[in-house]
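Asker: When you get a sec, could you give me coordinates for this:
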Amino acid sequence: MPCSCSSNADYGLNAVHGVQSRCGSKNDSEGNIIANCPTSFPSPNALGCAFNETLWRAMTDVIGHEMRSLWLQGIGENHGNGLPHIGLNTWSPNINVCRDPRWGRCQEVPGESSYVNGRYGVQYSHGLQIGSDDRYYRGVTCLKHWAAYSLESYGSHTRHNFVANVSDYMLQTVYLPAFKAGITEGNAQSVMCSYNAIALQVGDNSTEFGPGVPTCASKTLAHILREEWGFTGEPTAIQRPNAPFSALEPKPPVPDPCP
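Answerer: Below is the predicted model of the structure:
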């Protein structure tokens, strides 16, 4: 199949509990064209309460199928600013741990358990990425937010200026297990860096890069992702302006199929 390229395309889409796009269309039994909208499933915290991996896999199989269909139809996300048609990289699932409801995004995640969130990430990745043709990914799962993202806005602190001070124990037992499962078992092909910076407490109680570093630029996080877990996919940088991203450059470089 020849390469089809267009700069007029949105890189990805949101699909936290269904494809968040405008409606597509289909022909009814009489040949009339009617609207065909993507399925909206329950919020992830309700899905997490099911503790049912088969259910999660079946749901994301539907999401992957509908996403591919809407992409082929050239449908855009449901925004009033006229975004171009959706891409095949989803900004989903959100597998951060809900540590405190004041975070404000608990409705996006399966729950407060690193294990449950990890199992959800595995099944989400399998269901969305694996389609009928095993030569290709049907779409790309993007695990978010990497890592230690537990604050959205509080007082003068926002997700854009907050530095998360994280001990190695908390990193390994709370913040990383879900991502490890999603990558090593689920084969997720993309990871979204979190908005915040991170200061990692290491064995001698010092911090990496002093007062904190944007997560996409953390050499420690990059080492865990690339070297320890064998991630070869694509990082997605949703970061503060002018943040360095060199630590998570794709390795090996992904060739441009449309030069």
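
Asker: now the helices for the stretch 51-200 of the chain?
Answerer: Counting by DSSP state H, counting those that start in this stretch, the stretch 51-200 of the chain has helices at residues 53-72, 114-129, 168-170, 177-184.

Asker: and the first one, which residues are buried?
Answerer: Neighbour counts over helix 53-72 (16 or more other Cβ atoms under 10 Å) mark 56-57, 59-68, 70-71 as buried. Using the backbone N, CA and C atoms, a C-beta is placed for each residue, glycine as well.

Asker: just the strands in the stretch 1-150 of the chain please.
Answerer: Remark: strands assigned in the stretch 1-150 of the chain by DSSP state E, counting those that start in this stretch are 12-13, 24-27, 33-36, 89-90, 142-146.

Asker: now for the ones you listed, which one comes closest to G131?
Answerer: strand 89-90 (13.7 Å; Cβ to Cβ).

Asker: Can you spell out which helices and strands pack onto that closest one?
Answerer: Packed against strand 89-90, as judged by 3 or more Cβ pairs under 8 Å, 6 or more residues apart in numbering; DSSP states H and E, are the following elements: strand 12-13.

Asker: for the strand it packs on, packing partners?
Answerer: strand 89-90.

Asker: And the strand it packs on, how far out from the chain middle?
Answerer: Distance, stretch centre to chain centre, for strand 89-90: 7 Å (Cα atoms, centre = their mean, to the nearest Å).

Asker: pLDDT below threshold where in the chain?
Answerer: 1-10, 82, 201-211, 236-259 (pLDDT under 70).

Asker: ok, 50 please
Answerer: Applying pLDDT under 50 to the chain flags residues 1-7, 203-209, 238-259.

Asker: circling back: looking at the strands of the stretch 1-150 of the chain, spot the one closest to N45.
Answerer: Among those, if distance is taken as Cβ to Cβ, the winner is strand 142-146, at 15.6 Å.

Asker: okay, the angle between the closest one and helix 114-129?
Answerer: With axes from the mean of the first three to the mean of the last three Cα atoms, to 10 degrees as the basis, strand 142-146 and helix 114-129 are set at 150 degrees to each other.

Asker: Okay, buried residues for strand 142-146 please.
Answerer: For strand 142-146, the neighbour count (16+ other Cβ under 10 Å) marks C142, L143, K144, H145, W146 as buried.

Asker: hang on, the earlier thing: could you dump the buried residues of helix 53-72 to JSON lines with distance to N89?
Answerer: Listed next are those as JSON lines, based on distance: Cβ to Cβ, whole Å:
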{"residue": "W56", "distance to N89": "20"}
{"residue": "R57", "distance to N89": "20"}
{"residue": "M59", "distance to N89": "19"}
{"residue": "T60", "distance to N89": "15"}
{"residue": "D61", "distance to N89": "18"}
{"residue": "V62", "distance to N89": "18"}
{"residue": "I63", "distance to N89": "13"}
{"residue": "G64", "distance to N89": "12"}
{"residue": "H65", "distance to N89": "16"}
{"residue": "E66", "distance to N89": "15"}
{"residue": "M67", "distance to N89": "10"}
{"residue": "R68", "distance to N89": "12"}
{"residue": "L70", "distance to N89": "14"}
{"residue": "W71", "distance to N89": "11"}
